[in-house]
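>>> Got a predicted model here, sequence first, then my questions.
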There are 2 protein chains.
Amino acid sequence: MTAQQHMLVADIGGTNTRVALAMGDGLDRTTIRRFSNAAHDGLGPILSAYLDEAGMPDCDGACVAVAGPVYDGVARMTNLDWTIDCDGVGKATGAARVAVLNDLQAQGHALGYLAADSLRPVLDGPEPRGDAARLVIGVGTGFNAAPVHEAPGGRIVTASECGHMTLPVRSEADLRLMRFVETAHGFASVEDILSGRGLERLHAFHAESAGFGQRADASAIMAAIAAGEDQVAVATARDFVRLLGSVAGDLALTHLPFGGIYLIGGVARAFTPYYESYGFSQAFRDKGRFSSFMGSFSVAIIEDDYAALEGCVRFLSHSQ
Amino acid sequence: MTAQQHMLVADIGGTNTRVALAMGDGLDRTTIRRFSNAAHDGLGPILSAYLDEAGMPDCDGACVAVAGPVYDGVARMTNLDWTIDCDGVGKATGAARVAVLNDLQAQGHALGYLAADSLRPVLDGPEPRGDAARLVIGVGTGFNAAPVHEAPGGRIVTASECGHMTLPVRSEADLRLMRFVETAHGFASVEDILSGRGLERLHAFHAESAGFGQRADASAIMAAIAAGEDQVAVATARDFVRLLGSVAGDLALTHLPFGGIYLIGGVARAFTPYYESYGFSQAFRDKGRFSSFMGSFSVAIIEDDYAALEGCVRFLSHSQ
């Protein structure tokens, strides 16, 4: 890569796409632009508009993070019919080296390259070794996780669909919640509760249990949780934090992320004020004779909105 | 490595240790010897006895698989107070290249190098791509899993403690089972049911539910399941197979092993005749809107008793 060459990176979320340039191995945050997905017919027109505005820089590499599963280099999104693949990104940017990543995988590639003040601790753990595994857990439109391993040939961040695994049940109340979800969806997965729509579903369950018929959207529920006076909202917050702690604990036992667990996504971030008061750590550590072992894992929230873009840059830099 | 040099490999189980030699990259199965752990004071004396009998071959590399967690190259076993680490193995063998692996990780390194007739299909899936992830699930003295990823620098098989995650609960009967386990152990983990002792616990639960007080050991339970006339044994088998299918499905969603799932361990193998009749595939695929996606994964049982030794050889060969 010569000094004039750039890398183009993009982060395609459910509503907006962010695009930026990088030189060397660092994201140039002054170049970040945001585009509305609804106003464009696909990723190609967004990248063309961006490059046009940026004066048509010569792009050596391009990497796109997508909020949806990526199989064989092709990304699918639940709410857009865009096709996002390496060919299309290559054509739109002229880049020779092209990658399409899941957004959680991109976040995984950013770990270790984010400013310390963009990580907000939820649970303290021992100082991690540099080569220890890490785990990104995303709670937003959906639920998913991406384990990060430092392998001999470089970092690998593997894909998962763990949001679709079985919702944990520990009590009669949990079983009623599972039944409530199953009635509508046939099966109660982790994501059916631990996501934006899942939060609304959990609130509807508690409202119905309390004899109220009202439904609320996620932002109204978060406002009611903040006010702290509505018992349905408080019960919703307590269950959400407890179930997230329980699932994060199970995923910690599964992946052994001695380098830390990193929460991302709008819903995970919205719960920042409530993890301590509603018992995240108790639920995370509630694993019987493995309870003290659970102290091996730290948990933090990534508060950098551009971490996925940073991860795209690092992925391209390291795969040269 | 010169033509005269050998690799020494060993597989330390709960009761016996198997030791063998390899030349080039192949395990020499004629050299396999079995030693009783109880008759020896540690791994060192076993390796010394083996090498003495083998005429003191010059060992270039040595790799030991241990049925227990390995952290920082040191293995711990639940029922032996042996210390097993690279230093000790190096001293006992004189080998310069030494590795200590968890036995599931060793099995993961054997995948792709086992005879086709040592794999017995449980669930068919699409033909796997060569670079797809795979997953080893062990059900024996304990429960654990090891995901296998083909990374740019070679295969990596990561560690896990997923046997200690939450036992899935889908019904009132499952919740009663969880309570039954919790009463004795404070928390109901996957391993508390899906293991040899777990099988006994599950049988005790069904015996108590049926109003009988009798306890049975795992071999008596398997005999009663084979006879098929004892309703407590049949209920035990049905639950065991269903819960294993459910947990294997959750682990498939977590690790996406499009290259297949491989069951190992004495208990997983003992259930070979019962997976189909007691609904393993139904439980594995019972994931709501992800049910058809679950058809992406094949499941097979590894019937090669020396797969861990083979994996030790492959690990040493590939890490040269």
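Arrived safely.

>>> The residue nearest to residue A:307 when sequence neighbours are not counted: how many residues sit nearby?
Nearest non-adjacent residue to residue A:307, counting by C-beta to C-beta, 6 or more residues apart in numbering or on different chains: residue A:110, 4.5 Å away. (C-beta placed from N, C-alpha, C; glycine too.) Counted with other C-beta atoms under 10 Å in any protein chain shown, the neighbours of residue A:110 add up to 28.

>>> Residue A:56 now?
10.

>>> which SS state does it fall under?
Counting by DSSP: H, G, I helix; E, B strand; the rest coil, the backbone at residue A:56 sits in coil.

>>> Who are the contact partners of the residue nearest to residue A:307?
A:302, A:304, A:307, A:308, A:310, A:311, A:314 (C-beta atoms under 8 Å, 6 or more residues apart in numbering or on different chains).

>>> got the CA coordinates for the helix or strand in which the fifth one is found in PDB?
What it means is residue A:310. In this structure, residue A:310 sits in helix A:307-318 according to DSSP states H and E. Below are the C-alpha coordinates for helix A:307-318, written out as PDB (Å, rounded to 0.1, in the frame of the first residue of the first chain):
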ATOM      1  CA  ALA A 307     -15.900   0.600  17.100                       C
ATOM      2  CA  ALA A 308     -17.200  -1.500  14.200                       C
ATOM      3  CA  LEU A 309     -15.500   0.900  11.700                       C
ATOM      4  CA  GLU A 310     -12.300   0.700  13.800                       C
ATOM      5  CA  GLY A 311     -12.600  -3.200  13.600                       C
ATOM      6  CA  CYS A 312     -13.000  -3.100   9.800                       C
ATOM      7  CA  VAL A 313      -9.700  -1.100   9.600                       C
ATOM      8  CA  ARG A 314      -7.900  -3.500  11.900                       C
ATOM      9  CA  PHE A 315      -9.200  -6.500  10.000                       C
ATOM     10  CA  LEU A 316      -7.900  -5.100   6.700                       C
ATOM     11  CA  SER A 317      -4.600  -4.100   8.200                       C
ATOM     12  CA  HIS A 318      -4.000  -7.500   9.700                       C
END
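
>>> per-residue confidence averaged over that helix?
The average pLDDT for helix A:307-318 rounds to 95.

>>> Report the buried residues of it.
Buried residues in helix A:307-318, counted by 16 or more other C-beta atoms under 10 Å in any protein chain shown: A:307, A:308, A:309, A:310, A:311, A:312, A:313, A:314, A:315, A:316, A:317.

>>> and which of those is nearest chain B?
For the buried residues of helix A:307-318, the closest approach to chain B (C-beta to the nearest C-beta) belongs to residue A:315, at 12.1 Å.

>>> Residue A:60 contacts residue A:96, correct?
Yes - using C-beta atoms under 8 Å, residue A:60 is in contact with residue A:96, at 6.6 Å.

>>> out of those two, which sits in the busier spot?
The neighbour comparison of residue A:60 against residue A:96 (other C-beta under 10 Å) goes to residue A:60, with 20 against 10.

>>> Okay, now the sheet partners of the longest strand along chain A, with direction.
Ranked by residue count, the top strand of chain A under DSSP state E comes out as strand A:26-36. Strand A:26-36 has its sheet partners listed here by DSSP bridges as strand A:16-23 (antiparallel).

>>> Can you check what angle separates the strand it pairs with from helix A:307-318?
Inter-element angle recorded for strand A:16-23 and helix A:307-318: 40 degrees (by axes from the mean of the first three to the mean of the last three C-alpha atoms, to 10 degrees).

>>> list the buried ones in strand A:16-23?
Quick answer for strand A:16-23 (16+ other C-beta under 10 Å): A:17, A:18, A:19, A:20, A:21, A:22, A:23.

>>> Tell me the one among those residues nearest to residue A:184.
Distance ranking of the buried residues of strand A:16-23 against residue A:184, using C-beta to C-beta, places residue A:17 first at 31.5 Å.

>>> if we can go back for a sec, check the buried residues of strand A:16-23 and tell me the two furthest apart.
Maximum pairwise distance among the buried residues of strand A:16-23 (C-beta to C-beta): 21.0 Å, between A:17 and A:23.

>>> Going by contacts, tell me the helices and strands next to the lowest-mean-pLDDT helix or strand in chain A.
Least confident helix or strand of chain A, by mean pLDDT, DSSP states H and E, is strand A:70-71 with a mean of 88. If contacts are counted by 3 or more C-beta pairs under 8 Å, 6 or more residues apart in numbering or on different chains; DSSP states H and E, strand A:70-71 sits against strand A:97-102.

>>> Good, wrapping up.
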